[in-house]
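Undergrad: Show me how the following folds:
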Amino acid sequence: MGSRAIAVSPDGKNVYVASSTSNAIAIFRRNERTGTLTQPAGKGGCIASPGGNGCARAAGLIQPNSVAVSGNGRNVYATSRAGNSVTSFARNGKTGALRQLSNGCISGITLPGCVTGQALVAPDVVVISHDGKNVYAGSFFGNAVAIFTRDPSSGALTQPSGAAGCIAEAISGCAPGIALGAVEGLAISGDGSSVYTGSALSNAVAILTRDPSTGALTQATDGSGCIVDAPLAGCVTGVQLSGANAVALSPGGTQAYVTSLLSNSVTSFNHGTLTQRQGTAGCLVFLRAVGCSFARAMSAPEGIDVSPDGKNVYVAAFTTGAIDVLNRNPATGRVAQKTGHPGCLGRSLGCKPARATGGASSIAISPDGRYVYMTSFSSNAVDVFRRK
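TA: The predicted structure follows:
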């Protein structure tokens with residue numbers, strides 16, 4: 001119920017869904033040949049707060065809204081908006097079942113079974129560094145990114161004290177940041193040197209420098225650390241970033257793509273010195289916008305992911321209840337929507353019909369690139385697509 005976010009395990013054997021209305025993570029076994037999903041019965045099929053419906057029990061899992069699987073496949077992490085929490089789980093590599101770790105809940109408020117954390121105010125997104133040393137959570141109402149050190153053997157999280165534990169616009173003790181109002185999107189560059197944020201209230205994309213040895217984050221203030229849709233000291237100005245949301249990186253890490261809920265757009269950026277691509281290559285907008293490319297059925301886009309081969313970008317559009325299919329030029333990084341029915345599937349006119357896509361919200365692609373999965377919040381569903 002209220003399926004909000006989705007992740008596929010690196011081995012391709014399982015799919016995990018953050019189900020906000022159920023206060024649960026739903027667990028699915030994945031057929032690697034056909035892409036189909038089945039949910040085991042009982043505790044093997046879900047973990048929830050406070051349990052019930054035959055699910056395993058977890059502390060702090062209250063309205064979960066993001067989920068991520070570690071690169072070694074041993075752990076699953078989730079953020080919970082109402083729990084103000086980050087929860088940690090051990091994953092059974094054979095069955096996919098989850099078990100909450102000891103001290104596996106860190107919360108910004110007092111919750112039974114949780115320890116206290118900093119800069120956790122309605123966290124909205126969680127990501128894991130590629131080296132497995134850190135976990136980062138974007139804090140929506142905290143206007144911050146919380147930083148955690150990850151134990152490589154157990155997967156347990158601890159939050160460093162002071163500025164090493166968070167970067168924020170205005171939280172005492174955190175490292176200072178700008179254009180971090182309502183962080184909803186996070187992505188880490190392949191080399192681990194940078195963390196990208198999509199900030200809905202700042203209408204911004206920020207790039208944070210990551211210290212690989214400690215995981216700490218810092219931000220430049222000379223204009224290279226953020227792009228906003230209106231002038232802001234310390235940032236440069238971009239276009240079509242109102243309600244910036246999810247962030248996805250190309251396989252080589254040379255481009256970043258951002259959905260913006262209020263601009264109804266997908267915007268494109270170059271990695272390194274953060275710059276928005278010029279002209280129509282820099283923005284794809286629902287209906288029309290001066291200087292941008294045209295997109296269909298892309299009202300209130302939320303989720304986004306890039307295929308492993310770098311040839312396509314897929315976008316979940318919440319209001320239109322559609323998955324939009326974009327072609328991507330691997331050499332230049334430019335994206336354009338496929339023409340006709342192949343360009344979108346869902347309930348919107350002009351799209352190929354699809355079932356149970358209401359409130360499309362999150363996208364995940366299987367490691368082999370053959371299947372695409374989408375959560376649909378209003379339909380209480382997971383949608384499974386075969387990628388040609």
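
Undergrad: Can you show me the CA trace of the longest strand along the chain as PDB?
TA: In the chain, with assignment by DSSP state E, the single longest strand is strand 98-107. The C-alpha coordinates for strand 98-107 follow below in PDB (Å, rounded to 0.1, in the frame of the first residue of the first chain):
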ATOM      1  CA  LEU A  98      15.400  -9.100   5.800                       C
ATOM      2  CA  ARG A  99      16.300  -8.900   9.500                       C
ATOM      3  CA  GLN A 100      16.800  -5.600  11.300                       C
ATOM      4  CA  LEU A 101      20.300  -5.100  12.700                       C
ATOM      5  CA  SER A 102      20.900  -4.500  16.300                       C
ATOM      6  CA  ASN A 103      20.700  -0.700  16.700                       C
ATOM      7  CA  GLY A 104      19.300  -0.800  13.200                       C
ATOM      8  CA  CYS A 105      17.300   2.400  13.500                       C
ATOM      9  CA  ILE A 106      18.700   6.000  13.800                       C
ATOM     10  CA  SER A 107      16.000   8.600  14.200                       C
END
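
Undergrad: For that strand, name the packing helices and strands.
TA: Applying 3 or more C-beta pairs under 8 Å, 6 or more residues apart in numbering; DSSP states H and E, we find strand 98-107 packed against strand 46-48, strand 56-57, strand 85-91, strand 115-116. Placement of C-beta: from N, CA and C, glycine included.

Undergrad: by contact count, what packs against the third one?
TA: With contacts defined as 3+ C-beta pairs under 8 Å, 6+ apart, the secondary structure elements packing on strand 85-91 are strand 75-80, strand 98-107, strand 123-128.

Undergrad: Just say which of those strands is most tucked in.
TA: Of the helices and strands packed on strand 85-91, the one with the most neighbours on average (mean count of other C-beta atoms under 10 Å) is strand 75-80, at a mean of 28.

Undergrad: That one vs strand 123-128, what angle?
TA: 160 degrees (axes from the mean of the first three to the mean of the last three C-alpha atoms, to 10 degrees).

Undergrad: and strand 75-80, what other elements does it pack with?
TA: Looks like strand 75-80 contacts strand 64-69, strand 85-91, strand 123-128, strand 134-139 (3+ C-beta pairs under 8 Å, 6+ apart).

Undergrad: Give me the contact list for the longest strand of the chain.
TA: Residues outside strand 98-107 that contact it (C-beta atoms under 8 Å, 6 or more residues apart in numbering) are 16, 25, 27, 47, 56-61, 75-76, 83-92, 111, 113-117, 120, 148, 154-157, 159.

Undergrad: Name every strand pairing with that strand and say which way it goes.
TA: strand 85-91 (antiparallel), strand 115-116 (parallel) (DSSP bridges).

Undergrad: if we can go back for a sec, deepest in the core, which of the helices and strands packed on strand 98-107 is it.
TA: strand 85-91 (a mean of 26).

Undergrad: before we move on, the earlier item: who wins for proximity to Val313 among the helices and strands packed on strand 98-107?
TA: strand 85-91 (28.0 Å; C-beta to C-beta).

Undergrad: The closest one: how far from the chain's middle?
TA: 16 Å (C-alpha atoms, centre = their mean, to the nearest Å).

Undergrad: tell me the angle of that strand relative to strand 64-69?
TA: Inter-element angle recorded for strand 85-91 and strand 64-69: 40 degrees (by the same axes, to 10 degrees).

Undergrad: Tell me which residues of stretch 322-331 come out buried.
TA: Residues of stretch 322-331 classed as buried by neighbour count (16 or more other C-beta atoms under 10 Å): Ala322, Ile323, Asp324, Val325, Leu326, Arg328.

Undergrad: The stretch 251-388 of the chain: strands as residue ranges?
TA: 255-260, 265-270, 275-276, 283-286, 293-295, 301-306, 312-317, 322-328, 335-337, 344-346, 352-353, 360-365, 371-376, 381-386 (DSSP state E, counting those that start in this stretch).

Undergrad: Which residues does the longest one contact?
TA: By that I understand strand 322-328. Contacts of strand 322-328 with the rest of the structure, by C-beta under 8 Å, 6+ apart, involve 250, 266, 284, 295-298, 301, 306-307, 310-317, 334-338, 342-348, 351, 354, 357, 360, 363, 372, 374, 383, 385.

Undergrad: Could you spell out the sheet neighbours of that strand, each with its direction?
TA: Its sheet considered, strand 322-328 pairs with strand 312-317 (antiparallel), strand 335-337 (antiparallel), strand 344-346 (antiparallel) by DSSP bridges.

Undergrad: Centre of the chain to that strand, how far?
TA: The answer for strand 322-328 is 17 Å, by C-alpha atoms, centre = their mean.

Undergrad: And the pLDDT for the nearest residue to Ser49 once chain neighbours are set aside?
TA: In space, Ser49 comes closest to Leu61 once its chain neighbours are excluded; the distance is 3.9 Å by C-beta to C-beta, 6 or more residues apart in numbering. We have a pLDDT of 97 for Leu61.

Undergrad: Can you give me the neighbour number for Leu61?
TA: Counted with other C-beta atoms under 10 Å, residues neighbouring Leu61 total 31.

Undergrad: Check Leu186 too.
TA: Using other C-beta under 10 Å, the number of residues around Leu186 comes to 22.
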